[in-house]
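Colleague: give the three-dimensional model of this entry:
(one chain, ligands or ions: 1)
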Amino acid sequence: MQQQQAAGKSIGFVPTMGALHQGHLSLLAQARQQADVVVCSIFVNPTQFTDPADLEKYPRPIEADIQKLEQAGCDVLFNPPVTEMYAGNENWHLDIGRLEHLLEGKFRPGHYQGVMQVVYKLFSIIKPNLAFFGQKDYQQVMVISRMISLLNLPVKLVMCNIERDPDGLAMSSRNVHLTTSDRRHALILWKALQQAKAQFENGTPLTEIEQQAAALINNEPGTHPEYFELADGETLQPAKPHSESIVALVAAKVGKTRLIDNVILR
Ligand code: AMP
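Modeller: Residues are numbered from 1 along each chain as shown. Alright, predicted model coming up:
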């Protein structure tokens, strides 16, 4: 029996890279509701960054984060230095098949191996009963749930809704890098996802939905789409009209900032 079960208390865990916003806080609120003890980690994980400049400029406002965690009723903050998490040059990986190489995987090779390394280590240290992840990183949720099932890890993954600014922009720690005009152009991602949702409900063919959304983003100044795909909600392979669950996923560079977002169509 695990220690936390012996003590009769359940542990709810929210892994983050800090620069906390309302999206992170909504995960913490859900953890607060469903678990006895809430643990949050703040760790900017170097192994999941493919671009060293992105790692370098990642925001790290630790004092403000600690205040937010206190207000959110978080019981424990785990904020380790890199040397505590990684002993040296770690090359171990887990074969999760094609899921790793699709969508984000195409543009950020090795990213999900880094994510699995850190989440596996965090699970081993914290031993949570429940782990809360945002739908914002939909592919990450699928990757972690594959890891949990392949390794029979004793943790239940809970996927939480995407928190958005009032105008629809998905909250993200990277939004602080958007200039005022980037911020305006970035709304095209949400517009494209809403258009896709409306067209899906009207019965527009899937490929047409994808093409029109990609064109919409392409025509927005300062914005470069990387992908707009309708994917099977489980495998993330291209969606088929009969796929049980379908998700529209988008990634684009707006100015110098790379943004992702998604909407579950069914
Ligand atoms: P990050 O700090 O970006 O690694 O994110 C930590 C967790 O917060 C991940 O599970 C994200 O999916 C989740 N998250 C990030 N942005 C949002 C958002 N806008 N709404 C809900 N969850 C989010």
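Colleague: quick one: the helix or strand hosting Glu63 to chain centroid distance?
Modeller: Assessed by DSSP states H and E, Glu63 sits inside helix 62-71. Its chain's average C-alpha position is 21 Å from that of helix 62-71, according to CA atoms, centre = their mean, to the nearest Å.
Colleague: does any bit of it sit next to the ligand?
Modeller: No. Using CB under 6 Å from any ligand atom, helix 62-71 stays clear of the ligand, with a minimum separation of 10.2 Å. Any C-beta I mention is one placed from the backbone N, CA and C, and that applies to glycine too.
Colleague: which outside residues touch that helix?
Modeller: Residues from elsewhere that reach helix 62-71, judged by CB atoms under 8 Å, 6 or more residues apart in numbering: 18-20, 24-25, 28, 40, 42, 77, 79.
Colleague: one more time with 10 Å, if that's ok
Modeller: Contact partners of helix 62-71, identified using CB atoms under 10 Å, 6 or more residues apart in numbering, comprise 14, 16, 18-22, 24-25, 28, 38, 40, 42, 59, 61, 74-77, 79.
Colleague: write out the residues of the stretch 101-250 of the chain neighbouring the ligand.
Modeller: 133-134, 136-137, 160, 162-163, 170-173.
Colleague: got the contact list for Gln48?
Modeller: Applying CB under 10 Å, 6+ apart, the residues near Gln48 are 17, 55, 108, 110-119, 140.
Colleague: closest to the ligand out of the residues you listed?
Modeller: Met17 (3.8 Å; CB to the nearest ligand atom).
Colleague: and the pLDDT at Asn91?
Modeller: pLDDT, Asn91: 84.
Colleague: typed the wrong thing, it's Gln3
Modeller: We have a pLDDT of 54 for Gln3.
Colleague: separate out the buried members of the contacts of Gln48.
Modeller: With burial judged by 16 or more other CB atoms under 10 Å, the buried subset of these is 17, 108, 111-119, 140.
Colleague: closest to Asp51 among those residues?
Modeller: Arg108 (8.2 Å; CB to CB).
Colleague: out of the buried ones among the contacts of Gln48, which comes closest to His101?
Modeller: Distances from His101 to the buried ones among the contacts of Gln48, taken by CB to CB, are shortest for Tyr112, at 8.8 Å.
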